[in-house]
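1. Prediction below, plus the sequence it came from.
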Amino acid sequence: MDTTERQVRIFVDADACPVKDEVYRVAARYGLTAFVVANSPIAVPRAAGIERVVVAAGPDVADDWIAERAGAGAIVVTSDVPLASRCVKAGADVIAPNGRRFSENSIGMALATRDLMDHLRSTGESTSGPKAFTARDRSNFLSALDNIVVRLRRAAP
């Protein structure tokens with residue numbers, strides 16, 4: 001494995017992630033390490049480059065583990081907007097399971113929308129919840145993840 005491949009790594013907020021298998025395939029194709037982080041043991045392939053990380057139970061423990069390690073050369077897969085914000089600020093590339101990329105330009109609006117919806121739910125307002133995950137979302141995710149990996153590998157010293 002060359003130096004470039006060691007620098008690019010993937011962190012998966014795994015508890016409710018519908019694209020873990022896609023991450024495993026991309027990590028294997030490029031020889032990257034993927035850290036699959038959860039509060040309880042989950043099944044992961046026994047393959048080089050796939051590391052299961054089980055953190056203690058508690059709110060945000062998995063998020064904290066990921067955020068502490070996120071930075072330049074890291075790709076974080078999460079639909080958790082506050083975690084995405086922390087990781088973007090640390091310099092990581094962050095992508096949601098539907099292929100949506102979080103960036104410095106988009107994270108403020110994503111946080112504001114999340115906070116508004118949370119406020120509406122707390123006041124008893126009925127909200128529709130997230131859209132159903134589709135095959136198109138999976139395809140968008142794969143394309144976006146592949147593009148990020150290629151860009152990071154080209155930019156690495």
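-> Here it is on my side, so go on. The shown structure was predicted, so the numbers you read here are calculated from the model rather than taken from an experiment.

2. Quick check: bridge partners of the most centrally placed residue in the chain?
-> In the chain, the residue lying closest to the centroid (C-alpha atoms, centre = their mean) is V77, at 1.1 Å. Using DSSP bridges, the bridge partners assigned to V77 are V12, I95.

3. Check T33 too.
-> Bridge pairing for T33 - DSSP bridges - gives R9.

4. Repeat that for the one 4 residues further on.
-> With DSSP bridges as the criterion, V37 is bridged to D13, V53.

5. mind checking pLDDT for it?
-> V37 carries a pLDDT value of 97.

6. Ok, D118 next?
-> D118 carries a pLDDT value of 70.

7. returning to that earlier point: the residue nearest to the centre of the chain against D15, yeah?
-> No. The pair V77 / D15 is not scored as a contact, 11.7 Å apart, by C-beta atoms under 8 Å. In short, each C-beta sits where N, CA and C put it, glycine included.

8. any residues in contact with both of those two?
-> Counting by C-beta atoms under 8 Å, 6 or more residues apart in numbering, no residue touches both V77 and D15.

9. how far away is the residue nearest to the centre of the chain from G31?
-> If you measure V77 against G31 using C-beta to C-beta, to the nearest Å, the figure is 18 Å.

10. List the residues that contact P41.
-> Counting by C-beta under 8 Å, 6+ apart, P41 touches 52, 54.

11. Would it be right to say that it lies in a strand?
-> No. Secondary structure of P41 (DSSP: H, G, I helix; E, B strand; the rest coil): coil, not part of a strand.

12. need the contact list for the residue nearest to the centre of the chain.
-> Contacts of V77 (C-beta under 8 Å, 6+ apart): 10-13, 17, 19, 23, 94-97, 145.

13. neighbouring contacts of the biggest helix by length in the chain?
-> Criterion DSSP state H: the longest helix present in the chain is helix 135-155. With C-beta under 8 Å, 6+ apart as the contact definition, helix 135-155 has outside contacts at 4-5, 7-8, 18-19, 22-23, 26, 30, 32, 73, 75, 77, 93, 95-101.
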